[in-house]
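Peer 1: A predicted structure for the sequence below; I have some questions about it.
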Amino acid sequence: MKEWTRCTSSMSVIHVVALGGSLLRPEEADDREMWLGRLRQLVVHLEGNGRKLGLVIGGGLPAREGIQLAQSSIKDPRRLDQIGIAGTRINATVLQQVLLEIGCDVAPLVPHSIEVARTLFDHHHVVVMGGTEPGHTTDTVAVQLAASVQARHCIIATNVDHVYSKDPRHHDDAEALMELTLDELAAITGVGTPLAPGASAVIDPMAVQAAMDASLDLAVLDGRDLSRLDDALEGKEFIGTIIRA
Ligand code: UTP
């Protein structure tokens, strides 16, 4: 557990969170209800405190399914990426409409670019979006958005609890890392090389590059337990990995 020292609860701050698409669909239906309910509470609470939030949603199941469906017929990865982007926007629309339903001040548009997303913050507390263009994942979109709105950091909420020293799925001796630098992260994940359409990694190497370009701190945490995201947003100690620029 590490203190997220540079976080602040200042009213003017815009927080940016990448939410992995898998988080929207826990295996158990009851868990889905609970997760969405907890996310609603978290957003209502932030908005009530006058804080702004950019949520960038991954494509999860619809992106993966769409890409798999087309993979044998399409060779151009940019076309497959376009299918993935459509999946991210379905998920973004689900969250946007759920939050609008309870009266949150969410932008009525799911923006397709960082520029439009940034302008929507002039009039709304919450902006929900998915992907923008081929060649990266929503992790990169979140880092680019965080840099563009001068957020203090970008939080990547995914379905693993930490960044590990090696892939824990294949190495029993992989160590959970509490804190590292962007350079150290780059040595683990790679940097600046696009993932194949639909491929998964703890962080997209393009996002690592974008964070380096913007000198932006990152946090990686398990978004299945939204209390960890809440802690990170509140500037408290949280369970996860801090990555310093
Ligand atoms: P995701 O952002 O969902 O990938 O994009 P991910 O992070 O690996 O998956 P989850 O959702 O967090 O589990 C899915 C796919 O959509 C395309 C890419 O092909 C990516 O693999 N995509 C997404 C883009 O091409 N551009 C974008 O801006 C976003």
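Peer 2: Nice, I can see it.

Peer 1: which helix is the longest one in this protein?
Peer 2: Secondary structure assigned by DSSP state H gives helix 77-101 as the longest helix of the chain.

Peer 1: can you list the residues that contact the least confident helix or strand in the chain by mean pLDDT?
Peer 2: Sorting the helices and strands of the chain by mean pLDDT, DSSP states H and E puts helix 29-48 at the bottom, at a mean of 92. Helix 29-48 is contacted from outside by 15, 23-26, 52-53, 55, 95, 98-99, 102, 104-105, 125-126, 224, 226, 229-230, 233, using C-beta atoms under 8 Å, 6 or more residues apart in numbering. From N, CA and C alone the C-beta is placed, and that goes for glycine too.

Peer 1: so what does the longest helix of the chain touch, helix or strand wise?
Peer 2: Contacts defined by 3 or more C-beta pairs under 8 Å, 6 or more residues apart in numbering; DSSP states H and E place helix 77-101 against helix 29-48, strand 52-57, helix 60-71, strand 126-129.

Peer 1: what pairs with the second one, and is each one parallel or antiparallel?
Peer 2: Which is strand 52-57. Strand 52-57 has the following strand partners under DSSP bridges: strand 14-19 (parallel), strand 126-129 (parallel).

Peer 1: Would you mind putting the CA coordinates of the last one into PDB?
Peer 2: The one in question is strand 126-129. Only the C-alpha atoms of strand 126-129 are listed here, as PDB (Å, rounded to 0.1, in the frame of the first residue of the first chain):
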ATOM      1  CA  VAL A 126     -18.000  14.200 -16.100                       C
ATOM      2  CA  VAL A 127     -16.900  13.100 -19.600                       C
ATOM      3  CA  VAL A 128     -17.200   9.500 -20.600                       C
ATOM      4  CA  MET A 129     -15.400   8.300 -23.700                       C
END
